[in-house]
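# Predicted model and sequence below, questions to follow.
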Amino acid sequence: MSGGLVALLDDVAAIAKLAAASLDDIGAAATKAGVKAVGVVVDDTAVTPRYVDGFAPQRELPIIWRIAKGSLRNKLVFILPAALLLSQFLPWAITPILMLGGAYLCYEGAEKLYEAVSGSQTEGKGSAETLSSRAHEEHMVAGAIRTDFILSAEIMAISLAEVAAQSFVSRALILVLVAFVITLLVYGVVGLIVKMDDIGLRLASGGSGPRQALGRGLVKGMPVVMGALSVIGTAAMLWVGGHIILDGLAKFGVAGPAHALHELALGAGHAVPAIEGLVEWLVETVGSFLAGLLVGAPIVALLHLRSGKTH
């Protein structure tokens, strides 16, 4: 009996070692997949703070928490099952679905740009009562979760492509891990950004010397940072959407635009070898932004034309 128990314990130990090795493999694969999606993660982080602009300070973190929960629900309840099933049975359908999402991002970015240029922008403006109303909060949270859905789909699709050779179960576990880690990263950073001015106030009011100076610097600097993030967030919609469209066209055999942009970026990078990588990224980003604007602007024009005709 003792021999049987020892054998059983040996088997359990072997299974535990195998499980630990599998978890290590899953963790490594999830890290690799997350790194590949880092560009979209940055865009997601830049887009979100504008959705809490104008709210009372005490509502900022609860709103971010609501958006974070919505983001995790997007990834785990909707995107993950769909991505796994499509990759298993209809892998060809992933690209056109992503392109539709990319077109929506292009539209939303172009719409925000139009509002800023035309002076018709209303989000974040209005009386304190309007900005603190439940209806306004629901509208902004819903808009943030809707935009996050597209960015989350892109993150999960990039991650899925990196682990396509794994088994179905491993793919599922890796994507679950990616979903949790990236959501925590994005909305943790967003929460820190939007509360940085409050941290500055506490530093400025308590203490002296360098600590107080740092606090005053944060208080003065954060409105500039938030304004810059709002601009970056709008631009991010266009360049991410444009990149999705260009990449999708290449996968469908229309590789000319993506190839031309890549060659242009390489040429520009070679011309400035000291910062070659940065120059290549900038050229690719600007090109994707222009592609996104080229897709989004006609959609905005058509919708405004249609809206004008119905009034």
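It's in. Residues are numbered from 1 along each chain as shown.

# make it CA atoms for all contacts and neighbour counts henceforth
OK.

# For the stretch 51-200 of the chain, give me the ranges with low pLDDT.
Scanning the stretch 51-200 of the chain for pLDDT under 70 picks out 120-132.

# Strands of that one, start to end?
In the stretch 51-200 of the chain, no strands are defined using DSSP state E, counting those that start in this stretch.

# how close does P223 get to G256?
42 Å (C-alpha to C-alpha, to the nearest Å).

# Mind naming the longest helix for this structure?
Taking DSSP state H as the criterion, the chain has its longest helix at helix 210-251.

# Tell me the first helix or strand C-terminal of that helix.
Toward the C-terminal end, the helix or strand that comes next after helix 210-251 (DSSP states H and E) is helix 256-271.

# Show me what that following helix is in contact with.
The contact list for helix 256-271 (C-alpha atoms under 8 Å, 6 or more residues apart in numbering) reads 246-247, 250, 275-284, 287.

# Pull out the buried residues from that helix.
For helix 256-271, a neighbour-count test (16 or more other C-alpha atoms under 10 Å) marks 257-258, 261-262, 264-266, 268-269 as buried.

# After it, which helix or strand is next?
Heading C-terminal from helix 256-271, the first helix or strand you meet, by DSSP H and E, is helix 276-310.

# Helices along the stretch 51-200 of the chain, start to end?
Using DSSP state H, counting those that start in this stretch, the helices of the stretch 51-200 of the chain run over 57-73, 80-89, 94-118, 128-131, 134-162, 168-194, 196-205.

# how about TSV for the ones you listed, with distance to G241 and mean neighbour count added?
TSV is the format used below for these (distance: least, C-alpha to C-alpha, whole Å; neighbours: other C-alpha atoms under 10 Å):
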stretch	distance to G241	mean neighbour count
helix 57-73	18	18
helix 80-89	19	16
helix 94-118	4	20
helix 128-131	29	14
helix 134-162	9	20
helix 168-194	19	18
helix 196-205	29	18
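
# Make a markdown table out of those helices and add distance to L302.
Compiled in a markdown table, the helices of the stretch 51-200 of the chain are given as follows (distance: least, C-alpha to C-alpha, whole Å):
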| stretch | distance to L302 |
| --- | --- |
| helix 57-73 | 30 |
| helix 80-89 | 31 |
| helix 94-118 | 11 |
| helix 128-131 | 30 |
| helix 134-162 | 21 |
| helix 168-194 | 34 |
| helix 196-205 | 40 |
